[in-house]
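**Q** here is the input, now give the coordinates:
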Amino acid sequence: MPTLNTVTPRVFIAATRQNEGKTTTSLGLLSALQQFYPRIGYIKPVGQRFVQIEEQQIDEDTVLMDQVYRLNCPLLDMSPIAVEPDFTRKYLQSSNNEALVKKIIKAFDRVAWEKDFVLCEGSGHAGVGSVFDLSNAQVAQILDAKVIIISQGGIGKPIDEVYLNQAVFEREGVEVIGVILNKVTPEKIDYITEFARRGLKRKGLDLLGVLPHLHILSRPTVAAIQEELKARSLNHSSQLHNLVASVVIGAMGAQNAVNHFKRGALVITPGDREDIVLAAVAANEAGRQLAGLVLTEKIKPVNGVLRAIEKAPFPVLLAEEDSYEVASQVHNLIVKTHAVDTEKISVIRDLIATHVDVNKILRALKL
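**A** Predicted coordinates:
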């Protein structure tokens, strides 16, 4: 078994469940930690959502961190284990835990090379990965890393869930140094900060930060919606990264629909509702600045309307499903940050810098 680098400082970011804000927090923490440690590394030892880069499966969060921060770490080492669809079945057929552990240790060693600090990101709650003997708790133990847990805002429910996760980490001999609460209603920040701190203290845990819920971070781009719907573009708009602030289903008359055409609106309507399509184009020309337009049921408008679509500055997409199904998919879309979302990334950096006590984290890590 290779020897683990125990010299380079590190911290492991976990959460009470998926989509609680690990990547958002990691993105902001990398920037905040660079104020203390200019040369910083990043690793997501076990990843489950991938993009293909030069015939390699690389975790999408790893790609994001590398594109935003230019970390100068080998991509394969930042994302050493890819849990592909048949990964668990293969593991259960022929357990190769020692080989996987070696891979993680070697990858960490290369990521930490000539670095002042390494941020390690988990893939869900403490028990995720247990089926192939690489739960977040086990990976944190392998990396000799202390843990910060991210949980959603509130008092009772997040503390209950943090307590469960803390027990799993402690079973593996891993110390949880504190908690960051995410997506807290801004008006409740002071109240939740006071009582969550009290509740966590009873469990021997520090409250390291409370992040307010900001609508911009939960708004998808038109590009993300296009990817989710597998929709075709009907024009060559340069505004695919428009943020969607609201959704309007064009199932009413054009005169009534126009009242809902506001800045950042995504209009969803069947392709044969030419009155709605032309009203959307006209509203944008009048300064409403729509985010985009999705035509449903794979119905393409007639040529005259298509010409208007081609001139529209906002993206116009053609989707296969009906308007209800398209609206449901947009509503249920899990919003991920991408490197091109520069406005969101700037907001995330400010959010962590303002609301997370980085000095307290460093003291807890005894740095």
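
**Q** pull the number of nearby residues for Ala223.
**A** 17 (other Cβ atoms under 10 Å). Any C-beta I mention is one placed from the backbone N, CA and C, and that applies to glycine too.

**Q** if you could redo that for Leu75, that was the one I meant.
**A** 15.

**Q** give me every residue that touches it.
**A** Counting by Cβ atoms under 8 Å, 6 or more residues apart in numbering, Leu75 makes contact with Ile53, Gln56, Ile58, Thr62, Val63, Asp66.

**Q** extract the C-alpha set from the strand ranked longest in the chain and format it as PDB.
**A** Counting residues, the longest strand in the chain under DSSP state E turns out to be strand 176-184. Written as PDB, here are the backbone C-alpha positions of strand 176-184 (Å, rounded to 0.1, in the frame of the first residue of the first chain):
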ATOM      1  CA  VAL A 176     -16.400  16.500  12.000                       C
ATOM      2  CA  ILE A 177     -15.200  20.000  12.700                       C
ATOM      3  CA  GLY A 178     -18.400  21.900  11.900                       C
ATOM      4  CA  VAL A 179     -21.400  22.600   9.900                       C
ATOM      5  CA  ILE A 180     -22.400  25.100   7.200                       C
ATOM      6  CA  LEU A 181     -26.200  25.700   6.700                       C
ATOM      7  CA  ASN A 182     -27.200  26.500   3.100                       C
ATOM      8  CA  LYS A 183     -30.300  28.100   1.400                       C
ATOM      9  CA  VAL A 184     -31.600  29.800   4.500                       C
END
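
**Q** let me see the mean pLDDT of that strand.
**A** When pLDDT is averaged over strand 176-184, the result is 97.

**Q** and the next element down the chain from it?
**A** Next helix or strand after strand 176-184 toward the C-terminus (DSSP states H and E): helix 189-201.

**Q** which among the contacts of Leu75 end up buried?
**A** Ile58, Thr62, Val63, Asp66 (16 or more other Cβ atoms under 10 Å).

**Q** distance of the second one relative to Ser31?
**A** Spatial separation of Thr62 from Ser31 under the definition Cβ to Cβ, to the nearest Å is 17 Å.

**Q** may I see the buried residues of stretch 227-238?
**A** Neighbour counts over stretch 227-238 (16+ other Cβ under 10 Å) mark Glu228, Leu229, Ala231, Leu234, Asn235, Ser237 as buried.

**Q** ok, the residues you listed vs Val281, which is closest?
**A** Asn235 (10.4 Å; Cβ to Cβ).

**Q** wait, what's in contact with Glu60?
**A** Gly47, Arg49, Phe50, Val51, Lys336.

**Q** of those, buried ones?
**A** Buried among the contacts of Glu60 (16+ other Cβ under 10 Å): Gly47, Phe50, Lys336.

**Q** let's see which of these end up in helices.
**A** Within the buried ones among the contacts of Glu60, no residue falls in helices by DSSP state H.

**Q** make JSON lines from these and add pLDDT to it.
**A** Converted to JSON lines, the buried ones among the contacts of Glu60 look like this (pLDDT from 0 to 100):
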{"residue": "Gly47", "pLDDT": "90"}
{"residue": "Phe50", "pLDDT": "80"}
{"residue": "Lys336", "pLDDT": "89"}
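
**Q** quick one: low-confidence residue ranges for the protein.
**A** Within the chain, no range satisfies pLDDT under 70.

**Q** pop the domain breakdown of it in here.
**A** As recorded under automatic domain parsing, the domains making up the chain are 10-215+338-364, 220-332.

**Q** closest one to Met1 among these?
**A** Nearest to Met1, of all the domains of the chain, is domain 10-215+338-364, at 6.3 Å by Cβ to Cβ.

**Q** chain center to the closest one: distance?
**A** Relative to the chain's own centre, domain 10-215+338-364 is displaced by 11 Å; criterion: Cα atoms, centre = their mean, to the nearest Å.

**Q** span of that domain from start to end?
**A** 12 Å (Cα to Cα, to the nearest Å).

**Q** before we move on, what about stretch 148-159?
**A** End-to-end span of stretch 148-159 (Cα to Cα): 14 Å.

**Q** mind listing what's buried along it?
**A** Residues Ile148, Ile149, Ile150, Ser151, Gln152, Gly153, Gly154, Ile155, Pro158, Ile159 are the ones in stretch 148-159 that count as buried (16+ other Cβ under 10 Å).
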